[in-house]
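A.B. asks: no sequence on this one, just coordinates:
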């Protein structure tokens, strides 16, 4: 990760060449002869504000080494700003944040001094901003380090440390590039940032709330949000060691290609109500509030995760070590732990959780469900008849419960009410639902963290295409190879058969493709057709076959029947002229198959004439 761009002076000169500013102004804390317009170092201003005031939009203010901690101006409310960049100019240090400091002042309940205000189009580059305080109890208590008018104000290569505000301890709004945001505090929301855009930034050691501060608007400290960031957009960042009541790392944001590690909260140690894409959530924790027994979501709480790694997160006393609620697509959950639901917990307090094409391995619980738990037993209530966990195309294998865990056999999942629906999953014990298997998934090297599928894995071609989200797997390779999606986060890229390997193995058929189009039992259907129809390739009496309907003049229509299996959906087509193009059209889809025989009544076939029918598998 690139922290700073050096030399800083060269960056401003490049801006001068390409943007042709009218002037470069100079600031030197020790200047002996400050003369406007501060055109060279011999006449440099002694403070940054004087140079900004003398500048025009497009100008560049160059600042040499020093701690700039005098002066100030109010823009909104009652909070003073140490510097006010109220026009679209660039304010840039020569030697970077280690040499140039803008310092605010003030601690609650005194009136504070924020470090800086930036208007739209303004740029601040290469400073440390510290000791800013925008928590006054009244007025605009946002952004202890910097208040930005919008995200069109830009802050680059800056360090924010030990700033404080009601909301947005370090920064309110703005776009931040290559910045470090550490040890800042929001008494209520957004310990590091609030409503900001962050690119290639480090957000570490921030908090919301500061428990030593009085409560705000009568709120309990446990209800504060976003220790690192709140309602912010993060790209290629590191979010670590932050704390909040909810969302220790980040709350209510869009986060991409970011490492979220070692954050703590009561709910959502790493993230709460976020959209997370290509992120790694590692060693975050959901810990219980003081004098309470309630916490959850060590990695993330009620968030949407796509192509994410969730590893070694915990909720030691309560539930959802990796995830509490939310939606997960093509994710890997490994080594998470909790009291209940080592990897994932969902209950009646949150919207139903949805997992698609995830691999869940090596997670553990003290009490219930090392892998997954669906728990609808609300405190003081009887169990509710409510499905809150939908799991499709997932591998849930190799998870564990501590000795004495309940109920027996709950290591991979616990359908506690029952309230989990499994569809085309690989887990034990075999759950109800269609397409589920208990076979060992045959990982390449699970002990060393390689969860790709071996060439003989039963998970190859064994998933449900209708549930596929996105076009790529966890590696970024095509999500479907061989015609049918694999179970798990990784897609085996060179399958030889186009049939489910688990299905072929069930009937002792080869997986090298040689048997795909053979009619093994001589019933007129090849093995691929038998697989699609859910019939047996070794039993000639097991096949998709229509029964001839009897001629009728029944005014209610014609009823057709066919040999069927449960768990398969069928469509019905009808034609009246086989020479027409096309000869058939679909009159009903999603007909749920029954064991043995399924029937459908065509209520529109009441006007005489000839009707031809055919049935297919969806």
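C.D. replies: Here it is on my side, so go on. All of these numbers come straight from a predicted model, not from anything done at the bench. Residues are numbered from 1 along each chain as shown.

A.B. asks: hang on, residue 119 packs against residue 154?
C.D. replies: No. Using CB atoms under 8 Å, residue 119 makes no contact with residue 154, being 11.3 Å away. Just so you know, the C-beta spots here come from the backbone N, C-alpha and C atoms, and that holds for glycine as well.

A.B. asks: mind listing the helices for the stretch 351-500 of the chain?
C.D. replies: Applying DSSP state H, counting those that start in this stretch to the stretch 351-500 of the chain gives no helices.

A.B. asks: Low-confidence stretches in it?
C.D. replies: 376-386, 407-409, 416-418 (pLDDT under 70).

A.B. asks: do the chain as well
C.D. replies: 1-21, 107-111, 137-140, 210-223, 290-293, 376-386, 407-409, 416-418, 550-555.

A.B. asks: how does it divide into domains?
C.D. replies: 296-512, 545-617 (automatic domain parsing).

A.B. asks: out of these, nearest to residue 181?
C.D. replies: Among these, domain 296-512 comes nearest to residue 181, with 20.6 Å by CB to CB.

A.B. asks: Report the buried residues of stretch 85-98.
C.D. replies: Residues 85, 86, 87, 88, 89, 90, 91, 92, 93, 94, 96, 97 are the ones in stretch 85-98 that count as buried (16 or more other CB atoms under 10 Å).

A.B. asks: what separates the nearest residue to the second one once chain neighbours are set aside from residue 134, distance-wise?
C.D. replies: It refers to residue 86. With sequence-adjacent residues excluded and distances taken as CB to CB, 6 or more residues apart in numbering, residue 86 is closest to residue 119, at 5.1 Å. Between residue 119 and residue 134 the computed distance is 17 Å (CB to CB, to the nearest Å).

A.B. asks: When those two are compared, which one has more neighbours?
C.D. replies: residue 134 (34 against 19; other CB atoms under 10 Å).

A.B. asks: pretty sure residue 487 is in contact with residue 391, am I right?
C.D. replies: No. Using CB under 8 Å, residue 487 is not in contact with residue 391, being 10.7 Å away.

A.B. asks: anything in contact with each of the two?
C.D. replies: residue 425 (CB atoms under 8 Å, 6 or more residues apart in numbering).

A.B. asks: out of these two, which sits in the busier spot?
C.D. replies: More neighbours surround residue 487 than the other of residue 487 and residue 391, with 34 against 29 (other CB under 10 Å).

A.B. asks: now that one: how far from residue 437?
C.D. replies: Taking CB to CB, one finds residue 487 at 8 Å from residue 437.

A.B. asks: Give the residues shared as contacts by the two.
C.D. replies: With CB under 8 Å, 6+ apart as the test, residue 487 and residue 437 both reach 425, 426, 459, 462.

A.B. asks: Spell out the secondary structure type for residue 532.
C.D. replies: Following DSSP: H, G, I helix; E, B strand; the rest coil, residue 532 is assigned to helix.

A.B. asks: so what's it up against?
C.D. replies: residue 617.

A.B. asks: mind checking the end-to-end distance for stretch 395-402?
C.D. replies: 21 Å (CA to CA, to the nearest Å).

A.B. asks: make that stretch 77-89, sorry
C.D. replies: Stretch 77-89 has an end-to-end distance of 24 Å (criterion: CA to CA).
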